[in-house]
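*Asks:* need coordinates for the below:
(2 chains)
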Amino acid sequence: MADSSPNVVDPPTATGRTAGWMLALPLLAVAVYFARLLPAVAGGETFQFARDWVPSLGLRLSFTLDGLSLLFVLMVCVVGTLVLIYAGGYMAGRKYLGRFFTFLVLFTVSMLGLVLADNLLLLYVFWELTSICSYFLIGFESDRPQARAAALQALLVTGGGGLALLAGVILLARAGGSYELSALLNQGDALRTHALYVPALLLILAGAFTKSAQFPFHFWLPGAMEAPTPVSAYLHSATMVKAGVYLMARLSPALGGTELWLWTVTGVGGVTMVVAAWMSLTQSDLKRILAYSTVSALGMLTFLIGLGGPLASQAAMAYLIGHALYKGALFFVAGSVDHETGTRDINQLSGLGKAMPMTALASAVAALSMAGLPPLFGFIAKELAYEATLHAPAKIWITTAAVTASVLLIAAAALAGLRPFLGKARATPRPAHEAPLSMLLGPLVLGVLSLVFGVWPAWAADALVSAATSAVVGQQQSVHLALWHGVTPPLVLSAITLACGIAVYAARGLILRLSALWGRAAQWGPAGWYELALRGLNGLAISQTRLLQSGYLRHYLMITVGATVALVGYALFARGVWRANVDWTDLRIYEAALAALILMAILMAILKESRLAAIAALGVVGYGVALIFVLFGAPDLAMTQFLVETLTVILFVLVFYHLPEDQRVREGAGRWRDAALAIAVGGLMSALVLVGTPENFPPISSFFDEHSVPQGHGRNVVNVILVDFRAMDTMGEITVLSIAAAGVYALLKLRKRPDSVTDDVEQARAEDQAAVTSDVAPTPEPPKPPRATDLDEASASFILRPASRLLFPLLLLFSIFLLFRGHNEPGGGFSGGLVAASAFILYRFAFGVQATRGLLPVSPLSLFGGGLLISASCGVLALLEGYPLLTALWSTWFVPGFGELHVGTPLLFDVGVYITVIGVTLTIILPLAEE
Amino acid sequence: MMANVLLVLPLLIPLLTAATSFLAWRRTALHRALAVVGAAALLAAGIALLVYVWNHGTIATQAGAWPAPFGITLVADLFSALMVVLAGVVGLAVVIFSLGSMDRGREAYGYYPLVHGLLLGVCGAFLTGDLFNLYVWFEVMLMASFVLLALGGERAQLHGGIKYVTLNLVSSAVFLAAVGILYGLTGTLNMADLAERLNRIGPHSAVTAVGMLFLIAFGIKAAMFPLFFWLPASYHTPPGAASALFAGLLTKVGVYALIRVFTLLFVHEREFTHLLILVLSGLTMVTGVLGAVAQQEFRRVLSFHIISQIGYMTMGLGLAGLVDSPALAAVALAGSIFYIAHHIIVKTNLFLVSTVARRICGTFDLKLQGGLYQSQPLLAVLFLVPALSLAGIPPLSGFFAKLSLVQAGLNAEQYAIAATALAVGLLTLFSMTKIWAEAFWKPMPGTPTENAAASLLAPAQTRRLLIPIGALALLTVAIGLGAEFVFTLATGAAEQLLHRESYIQAVMGGTP
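*Replies:* Numbers count the residues shown, from 1 in each chain, chains lettered A, B, ... in the order given. A predicted model of the protein is given here:
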């Protein structure tokens, strides 16, 4: 199918027409190829092809051609060929024909795959593809909202059924141990008694019923008439909607024959065929009449497959052929009428026979076949159906249903196929004229086939029906069709049917009045349920999302923390006895005092209204933590913590300088709820910290104590951990710092609106709920010229400047001292870097930003970039030497007057940390102090 | 030796790229070039790692040459190596897309080094074998993503950023507390060592309670129900390329961590922990997809779908913990891994498509978009591939991802979750068709002149942006058609995860 035109260019009119013919040829070749296999297949032969695709999931590219497949393949190919030719004429002059034909061809391939697949998952793959193609084809005229809605409706209904089918198929494979039809069909008895039989069957039937538009899922099919008519003729009458029927017929040897099967399938089919046939009479749109009558025919097919057995199966197969022939023709005719007159409303159409004689002829043949009149094939099919119903259980009911549907369909056939062409000619939106050859070929060929199959069934119909029936029944069948069987009960029924059908047609006025009464109730029908479900879904979605995604950060935090409390609390308390694993006796008084101090500071931080007071209280917490580090022998950490706390306070003060005054403190119940939640979390964490397990493991930290000096060459364990044992953590952390610094810098410098931070909760909420954002370039602000602010002037006091001049080099020296002693004594890159940064900050307060910048050789951002590179390259050095990343490389130098000096990459690593910390701190603080 | 190098390259490459870019702060052209080279190198390194692990099994390197459990171990099994490859794919695609879509201001203020910072955090999280080190990489990731999110300082960005960072800091706090408490219980941080020590403790409520802390911490990262709020509050605010990067990678690191700790560490009370995960998976799927149904904005729809699909990814984990048969557990977990791989590529791509659509229509609002099927047929096809894949339409990658999980669910007789997964699939299709019908099918509202004025670039300019999109779409098709290959890989990864001894052996068995 390489000549399916690419969907980018819109072919000019002539190409559209040619494309139909061009595409039809290969499909015709396929039809011929398969038709030649008919004798062999009718003789009981099957053809197979198998390749692996995803064997892990049970999906194989396995295909089998038997009688049932062949029947469908020929239907798909023959109708497809005619549809492509027809579409070339029908769609001529429209835009986007390339896309149209692409989807049509894709559909054809999928449909062929569906009916040939031996692997059920493969069948499902094609099944879904046909649904998707159908979606795009129904919505082809996508400018119209109705087309889009109908496409969606069809997709949701068939797609939903498809998912049920998938579940059913998996269950069936679980019961039968294989996804291959060839393996499953032989073990019907085992399957029917398996525990998974009922769910598997019901799920598969759900898939089949939705696809084949069975009640109550039928409503999507009339909606699908929004598609261009060739699509309706092909997908929504001849092929795709029969996929469900195909599946039921295919699986009937494995799943059929039970009471559940009989009454579900027959029942649903029976209701569908009667209700839909009735509905078809109440329509005035040609295509909708045909759509409902298609639903009715699908119901009849389902009904017959439900009955099962050789008689009903052969009737179903014959009916299938008959329907494909006449309904395809009638859809073609409807399309031609629409195309040539500009309307499909039967109340506007009459007497077209004169203007469109060939179309009228084809239409008449098709309508008579649909009505089941001899010598057309429809007659044979209907006779067989009656024969089957007369042999069914509860035959009175069953037969009555079949007759009723047939009666109504006769009226529908007259309405759609005969009425527009008879009577007096009327004015139509476009003056009526005969359709072009491409659009006549389809209906005429199908009409001729209806006649040939009826008159001369032995030519091909016998073989087709026998072969297909054999596959459905599961054993070889030989069927001989004939128009004349003598005066048999079916013939009598046929006569009655015809008489009643004519009467019903005559009484259509009554039916319309009845249905007008019924019309009000009809909105509560299945189509109404769909609307309701859709609206309900949207409503549910919106209210659920409003509830959960409320836009309030406070709510989000509450739910998150609440979930933590619930899950941890449940795991800890509800599922076992909690016992603290603590010896309180070694608690020393100053430890308790420190804890109390921290707790009080926390309370202060919460209760204080003023921001500054809260920050001060938090500072106390920080210093308290630093004291804990001191108490537990980590002076390094304590020192770093002190420095960080100090810098943080400076930072806060600088930030507050820019913040608006307003602050909100929650009142009343909300506060208590927050407090309860906070206490619950705190309590839970404490309980978790205090709990122990029976096992008592040695902590890995003892390793650090032992190996710090001999292998880490440092007496300061904390520093050795930072630059050697766990240098990778440090590497990550200085990266975090660098990124944070770059972020702060960008936030301060690259802003669209300087005032965009507000405290406005409602605004924030609104933006959370409804998006307004742009992807556009926010223009970076031009660098401001340096200016001496009041702050600068005021702070540049007489004392500060000389003091700073003196202190700056001293602090820098001290920081370097800290850096290099760090490996053995408290100190190191972190604290050294912070001290150095403090020196710069001091200098900035004395001499201003510009002067401070001048002290730096490069921009602070480059500084931390360089620091990162230095640290990282220490790691790489080891790699180059053939050791793992960050392995310390040491060498011993002899320094005169000092003695032996161990020099190693960890020290260089710490230098990197030192530089990074300076760069990071200055990157953040200098711009803040600038404004 | 090989392991030493292969395991650290995915960290060194983005680190050096970012550090060099910071060093050359003002040289934006250099940033761009470095970013592309770095991302391509990362992808290559990831592939090399994956191939090596495929051939040699789980590998480890002890940073600083300190033996496990005392130093920090980097470990790569198939799962982590695969994740690194995916990070490379997303990184490369997003960086290339950014070249043509990112504004000058953001480029000048460190966009590219930040992207590499994010990739560093992500790869570090995938490769570390140490719980505290994992925390560090999470911090790298969080900081880089927060800065990327806020970069540009637009009002919406800042509002989204505040929620993002606050809730993620809660995650960090919980994570850190959990690491501390676990260290208190076991005295170690190395994950393999932890696995052994927790084995010796066996089922214990304190351990499970700590497990819950990890579930919360990683659940927030993964955007599971009911912890996902930060995601829909923020993902629609940054430039499209940045949100595509987030959509592809961030939550998946959370899922990765969940899978890691709930297959390696917290496996002794599975009837509680994994059932809980399964239930939360179902709720995540449903609430996420309903959120998507409620939205009318391109990226918001996509954002809620991320949540929904996180549920699928954790579903396999939950199932794997609840079945007795090891083979079935492997299949379920393989389903999760397959889903992750599929989702990362598809979701990144959809965000990229949304950005192009937005540039053409001038808005992300679906009501105001339209006409793209007519004017941009190539874009339409490139949207359909990931969109239909996301909805699980065969034969695209998403179908196999869904199929494997549903099969696992039904075979494990967990019918409720299987039914949920299928139903949510239909709703996913529903909201993908909403985007299709609004942005592509529907004619664009407004007059042609209005629309031309709204558009941010001429249609011809989109061509360049379509290259990474097309590449990702091809990958989606390839994963579908070559599903067996990917599934074999995923099954191998799952078997390694479930066979904890091999992991422990690789880490603790001495330095290579």
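*Asks:* when you work out contacts or count neighbours from here on, use the C-alpha atoms and nothing else.
*Replies:* OK.
*Asks:* got a list of what residue A:733 touches?
*Replies:* B:136, B:139, B:140 (C-alpha atoms under 8 Å, 6 or more residues apart in numbering or on different chains).
*Asks:* please identify which of those is nearest to chain A.
*Replies:* Of all these, chain A sits closest to residue B:140, with 4.9 Å by C-alpha to the nearest C-alpha.
*Asks:* so that closest one sits right up against residue A:732, yeah?
*Replies:* Yes - if you go by C-alpha atoms under 8 Å, residue B:140 and residue A:732 touch, sitting 6.6 Å apart.
*Asks:* these two - which one has more neighbours?
*Replies:* Per other C-alpha atoms under 10 Å in any protein chain shown, whichever of residue B:140 and residue A:732 has more neighbours is residue B:140, with 29 against 26.
*Asks:* check that one and give its pLDDT.
*Replies:* Looking at residue B:140, its pLDDT reads 97.
*Asks:* which helix or strand lies directly C-terminal to the host helix or strand of it?
*Replies:* Assigned by DSSP states H and E, residue B:140 belongs to helix B:131-150. Downstream of helix B:131-150, the next assigned helix or strand under DSSP H and E is helix B:155-186.
*Asks:* show me what that next one is packed up against.
*Replies:* Where contact means 3 or more C-alpha pairs under 8 Å, 6 or more residues apart in numbering or on different chains; DSSP states H and E, helix B:155-186 is packed against helix A:553-569, helix A:668-690, helix A:761-769, helix B:131-150, helix B:191-201, helix B:205-222, helix B:230-234.
*Asks:* name the helices or strands packed onto the shortest one?
*Replies:* Spelled out, it's helix B:230-234. The helices and strands touching helix B:230-234, judged by 3+ C-alpha pairs under 8 Å, 6+ apart, are helix A:761-769, helix B:155-186, helix B:298-322.
*Asks:* now do 10 Å
*Replies:* For helix B:230-234, the packing partners by 3 or more C-alpha pairs under 10 Å, 6 or more residues apart in numbering or on different chains; DSSP states H and E come out as helix A:553-569, helix A:761-769, helix B:131-150, helix B:155-186, helix B:205-222, helix B:240-264, helix B:270-294, helix B:298-322.
*Asks:* show me what contacts residue A:187?
*Replies:* Shown in contact with residue A:187 (C-alpha atoms under 10 Å, 6 or more residues apart in numbering or on different chains): A:176, A:253, A:254, A:255.
*Asks:* just to revisit the earlier point, quickly, which of the helices and strands packed on helix B:230-234 bottoms out on average pLDDT?
*Replies:* helix A:761-769 (a mean of 46).
*Asks:* of the contacts of residue A:733, which are in range of chain A?
*Replies:* B:136, B:139, B:140 (C-alpha under 10 Å from any C-alpha of the partner chain).
*Asks:* out of those residues, who's nearest residue B:463?
*Replies:* If you rank those by distance to residue B:463 using C-alpha to C-alpha, residue B:140 comes first, at 34.0 Å.
*Asks:* in contact with the closest one, which residues?
*Replies:* The contact partners of residue B:140, by C-alpha under 10 Å, 6+ apart, come to A:732-740, B:117-122, B:124-125, B:134, B:146.
*Asks:* thinking again about what came up before, and which of the contacts of residue A:187 is nearest to chain B?
*Replies:* residue A:176 (12.9 Å).
*Asks:* count of neighbours near the closest one?
*Replies:* Residue A:176: 23 surrounding residues under other C-alpha under 10 Å.
*Asks:* against chain B, how distant is residue A:70?
*Replies:* Look at residue A:70 and chain B: by C-alpha to the nearest C-alpha, to the nearest Å, they are 24 Å apart.
*Asks:* after whichever helix or strand that residue is part of, next one along is what?
*Replies:* Using DSSP H and E, residue A:70 sits within helix A:67-90. Per DSSP H and E, helix A:67-90 leads on to helix A:97-116 as the next helix or strand towards the C-terminus.
*Asks:* packing partners of that following helix?
*Replies:* helix A:13-35, strand A:47-54, strand A:59-65, helix A:67-90, helix A:120-138, helix A:229-233, helix A:243-255.
*Asks:* do you know which of those lies nearest residue A:362?
*Replies:* If you check each of the helices and strands packed on helix A:97-116 against residue A:362 by C-alpha to C-alpha, helix A:67-90 wins as the nearest, at 14.0 Å.
*Asks:* that closest one vs strand A:59-65, what angle?
*Replies:* Orientation of helix A:67-90 against strand A:59-65 (axes from the mean of the first three to the mean of the last three C-alpha atoms, to 10 degrees) gives an angle of 90 degrees.
*Asks:* then helix A:67-90 to CSV, C-alphas only?
*Replies:* Included here for helix A:67-90 are C-alpha records, laid out as CSV according to Å, rounded to 0.1, in the frame of the first residue of the first chain:
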residue,chain,number,x,y,z
GLY,A,67,-13.6,-20.3,6.5
LEU,A,68,-14.8,-17.7,8.9
SER,A,69,-11.7,-15.6,8.4
LEU,A,70,-11.9,-16.0,4.7
LEU,A,71,-15.5,-14.8,4.6
PHE,A,72,-14.6,-11.7,6.5
VAL,A,73,-11.4,-11.1,4.5
LEU,A,74,-13.4,-11.2,1.2
MET,A,75,-16.0,-8.9,2.7
VAL,A,76,-13.4,-6.4,3.8
CYS,A,77,-11.6,-6.6,0.5
VAL,A,78,-14.5,-6.5,-1.9
VAL,A,79,-16.5,-3.8,-0.1
GLY,A,80,-13.2,-2.0,0.6
THR,A,81,-12.3,-1.9,-3.1
LEU,A,82,-15.7,-0.5,-4.0
VAL,A,83,-15.6,2.0,-1.1
LEU,A,84,-12.2,3.3,-2.2
ILE,A,85,-13.4,3.8,-5.8
TYR,A,86,-16.6,5.3,-4.5
ALA,A,87,-14.7,7.6,-2.1
GLY,A,88,-12.5,8.9,-4.9
GLY,A,89,-15.7,10.3,-6.5
TYR,A,90,-17.6,11.2,-3.4
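*Asks:* any idea how far stretch A:34-54 is from the middle of the chain?
*Replies:* When C-alpha coordinates are averaged (C-alpha atoms, centre = their mean, to the nearest Å), stretch A:34-54 and its chain have centres 36 Å apart.
*Asks:* sorry, back to before: deepest in the core, which of the helices and strands packed on helix B:230-234 is it.
*Replies:* A comparison of these by mean neighbour count, using mean count of other C-alpha atoms under 10 Å in any protein chain shown, puts helix B:298-322 on top with a mean of 29.
*Asks:* run the chain-centre distance for it.
*Replies:* 11 Å.
*Asks:* is the helix or strand following it in proximity to chain A?
*Replies:* Sequence-wise, the next helix or strand downstream of helix B:298-322 (DSSP H and E) is helix B:326-361. Yes - judged by C-alpha under 10 Å from any C-alpha, helix B:326-361 and chain A are in contact via B:331, B:355, B:358, B:359.
*Asks:* how about the contacts made by the residue nearest the centre of chain A?
*Replies:* In chain A, the centroid-proximal residue (C-alpha atoms, centre = their mean) is residue A:159; its distance is 12.6 Å. Residues in contact with residue A:159 (C-alpha under 10 Å, 6+ apart) are A:127-128, A:131-132, A:152-153, A:165, A:207, A:210-211, B:393, B:425-426, B:429-430.
*Asks:* again with residue B:179
*Replies:* Applying C-alpha under 10 Å, 6+ apart, the residues contacting residue B:179 are B:131, B:132, B:134, B:135, B:173, B:185, B:188, B:189, B:210, B:213, B:214.
*Asks:* how far away from the center of its chain is the lowest-mean-pLDDT helix or strand in chain B?
*Replies:* None of the helices or strands of chain B scores lower by mean pLDDT, DSSP states H and E than helix B:448-454, at a mean of 71. For helix B:448-454, the gap between its own C-alpha mean and the chain's C-alpha mean amounts to 37 Å (C-alpha atoms, centre = their mean).
*Asks:* for the helix or strand following that helix, name the packing helices and strands.
*Replies:* Sequence order places helix B:462-481 as the next helix or strand after helix B:448-454, per DSSP H and E. Contact partners of helix B:462-481 among helices and strands, from 3+ C-alpha pairs under 10 Å, 6+ apart: strand A:47-54, helix B:78-101, helix B:326-361, helix B:377-390, helix B:397-411, helix B:483-498.
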